[in-house]
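*Asks:* Sequence and computational prediction follow.
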Amino acid sequence: MMDPREDINKPIVLITGCSEGGIGHALARAFAANKCAVVATSRSRSTMADLEHDTRFFLQELDVKSDDSVRRALDAVIAHFGRVDVLVNNAGVQCVGPLPEVPLSAIQSTYETNVFGALRMIQAVVPHMAKRKQGKIVNVGSVTAMASGPWSGAYTSSKAALHSLTDTLRLELSHFGIDVVNVVPGAIKSNIGNSAIASYDHMPEWDLFKPFEAAIRDRAYFSQKTKSTPNDEFAKHTVAAILKKKPPAWFSYGHYSTAMAIMYHLPLCVRDFILKKAMKC
Ligand SMILES: NC(=O)c1ccc[n+]([C@@H]2O[C@H](COP(=O)([O-])OP(=O)(O)OC[C@H]3O[C@@H](n4cnc5c(N)ncnc54)[C@H](OP(=O)(O)O)[C@@H]3O)[C@@H](O)[C@H]2O)c1
């Protein structure tokens with residue numbers, strides 16, 4: 001277990017969704033390598049078992065969908081360290097399926113994690129940061145929100161909402177010395193494809209969209225192809241940007257990040273043409 005006296009001068013970084021194999025876990029290791037005290041959280045400690053005996057990490061179970069869980073974890077962090085310097089809202093879920101037929105409950109659940117989960121964390125942590133007039137809030141968005149394609153509209157729109165919330169928060173929280181950063185990953189190796197397929201297997205059979213079944217399933221793994229960026233590489237660059245005295249408002253890195261930035265500026269008819277071809281829509 002970490003000794004809080006040893007960590008008093010280190011930045012205290014709280015990260016959500018740190019299961020092994022994902023971006024959160026890679027970020028946790030990269031912050032620790034940069035002399036930060038890391039509060040690594042996930043829904044179940046068993047998914048962070050490899051960090052258990054490393055004294056650089058303070059592990060907590062935290063489900064971003066639950067008020068109680070967030071309060072309990074944050075109380076433990078404040079009791080141990082007295083503060084949070086950096087909050088990284090990394091926890092997120094993919095949701096694959098055609099918007100006209102995806103059950104509303106699946107869309108709501110996606111927003112509960114990706115949008116309201118992040119806001120729940122922010123509302124819990126901001127009072128502590130505002131009191132000290134310093135802190136950094138990092139929201140993990142996605143390049144997919146820069147050019148919405150077919151088959152993952154629930155996820156993409158939730159990330160677009162998060163981008164928008166991030167822009168608002170940056171302005172509102174600047175009065176309290178809190179920097180707000182939108183981290184926008186490209187295609188990064190993680191568990192997201194496997195998790196997406198596990199959820200997809202619980203979807204009802206498509207009616208109108210049955211002929212597109214193979215293309216829809218493929219969307220789950222779109223970010224997990226051979227050229228995808230290793231999560232360690234992504235984490236190293238991202239952490240360097242976040243730890244700057246003046247962090248950027250927007251930081252995008254990884255396979256497809258440049259391509260999607262270009263897509264964002266294309267006329268919609270050209271963008272639609274490209275996305276229809278790429279996603280077999
Ligand atoms: N990989 C990419 O190419 C990519 C691209 C753009 C954006 N992103 C974003 O990057 C972030 C990390 O995703 P990833 O790619 O590393 O996927 P991942 O490997 O599936 O990791 C997602 C993490 O979020 C956690 N999580 C899900 N629901 C949660 C909840 N209610 N409370 C707390 N934690 C929860 C998962 O926990 P469990 O292990 O318990 O499920 C897991 O630890 C996400 O916000 C994702 O949208 C990823």
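*Replies:* In hand now; what should we look at? Keep in mind that this is a model prediction, so the values were computed, not measured.
*Asks:* Can you read off the pLDDT for the closest residue in space to A49 that isn't next to it in sequence?
*Replies:* Leaving aside its sequence neighbours, A49 sits nearest to E20 (Cβ to Cβ, 6 or more residues apart in numbering; 7.5 Å). (Glycine included, C-beta is placed from N, CA and C.) On the pLDDT scale, E20 is placed at 98.
*Asks:* what's E20 sitting at in phi/psi?
*Replies:* With angles defined as degrees, to the nearest 10, E20 sits at phi -60, psi 140.
*Asks:* For it, which residues are in contact?
*Replies:* 47-50 (Cβ atoms under 8 Å, 6 or more residues apart in numbering).
*Asks:* Show me which residues of the stretch 101-250 of the chain are close to the ligand?
*Replies:* By Cβ under 6 Å from any ligand atom, the residues of the stretch 101-250 of the chain that approach the ligand are 113, 117, 140, 142, 185, 187-188, 190-192, 195, 223.
*Asks:* Would you check which pair of those residues lies furthest apart?
*Replies:* G117 and A187 (22.4 Å; Cβ to Cβ).
*Asks:* contact partners of the longest strand that the chain contains?
*Replies:* If you go by DSSP state E, the chain has its longest strand at strand 178-185. Residues from elsewhere that reach strand 178-185, judged by Cβ under 8 Å, 6+ apart: 23, 88, 126, 129-130, 134-143, 145-146, 163, 166-167, 169-170, 173, 234, 238, 241-242, 246-254, 257.
*Asks:* Give me the sheet partners of that strand and which way each runs.
*Replies:* strand 135-140 (parallel), strand 250-253 (parallel) (DSSP bridges).
*Asks:* what residue is smack in the middle of this structure?
*Replies:* Centroid check for the chain by Cα atoms, centre = their mean gives N90 as the closest residue, at 2.9 Å.
*Asks:* Tell me who's in contact with the closest residue in space to it that isn't next to it in sequence.
*Replies:* Counting by Cβ to Cβ, 6+ apart, N90 lies nearest to G24, which is 4.1 Å off, once chain neighbours are set aside. By Cβ under 8 Å, 6+ apart, the residues touching G24 are 15-18, 40, 42, 88, 90-91.
*Asks:* Greatest separation within those residues: which pair is it?
*Replies:* Top of the distance list for these (Cβ to Cβ): S42 and V88, 12.6 Å.
*Asks:* Tell me which residue in this structure sits closest to the ligand.
*Replies:* Ranked by Cβ to the nearest ligand atom, the top residue of the chain for proximity to the ligand is G92, at 2.2 Å.
*Asks:* What's the local residue count around that residue?
*Replies:* Using other Cβ atoms under 10 Å, G92 is surrounded by 29 other residues.
*Asks:* correct me, but it touches Y111?
*Replies:* No. Contact criterion Cβ atoms under 8 Å: G92 and Y111 do not qualify, at 11.0 Å.
*Asks:* how much space between the residue nearest to N90 and A33?
*Replies:* 15 Å (Cβ to Cβ, to the nearest Å).
*Asks:* what do you get for E6?
*Replies:* 17 Å.
*Asks:* Could you check which of these two has the larger neighbour count?
*Replies:* More neighbours surround A33 than the other of E6 and A33, with 14 against 10 (other Cβ under 10 Å).
*Asks:* Tell me the gap between the following helix or strand past the longest strand of the chain and the middle of its chain.
*Replies:* Sequence order places helix 192-200 as the next helix or strand after strand 178-185, per DSSP states H and E. Distance of helix 192-200 from the chain centroid (Cα atoms, centre = their mean, to the nearest Å) equals 16 Å.
*Asks:* following helix 192-200, which helix or strand shows up next?
*Replies:* In N-to-C order, the element after helix 192-200 by DSSP H and E is helix 213-219.
*Asks:* contact partners of that following helix?
*Replies:* 96-98, 150-152, 197, 200, 206, 209, 279-281.
*Asks:* same thing with stretch 122-131?
*Replies:* Residues contacting stretch 122-131 (Cβ under 8 Å, 6+ apart): 14, 70-71, 74, 78, 83-84, 87, 89, 135, 137, 169, 173, 176-178.
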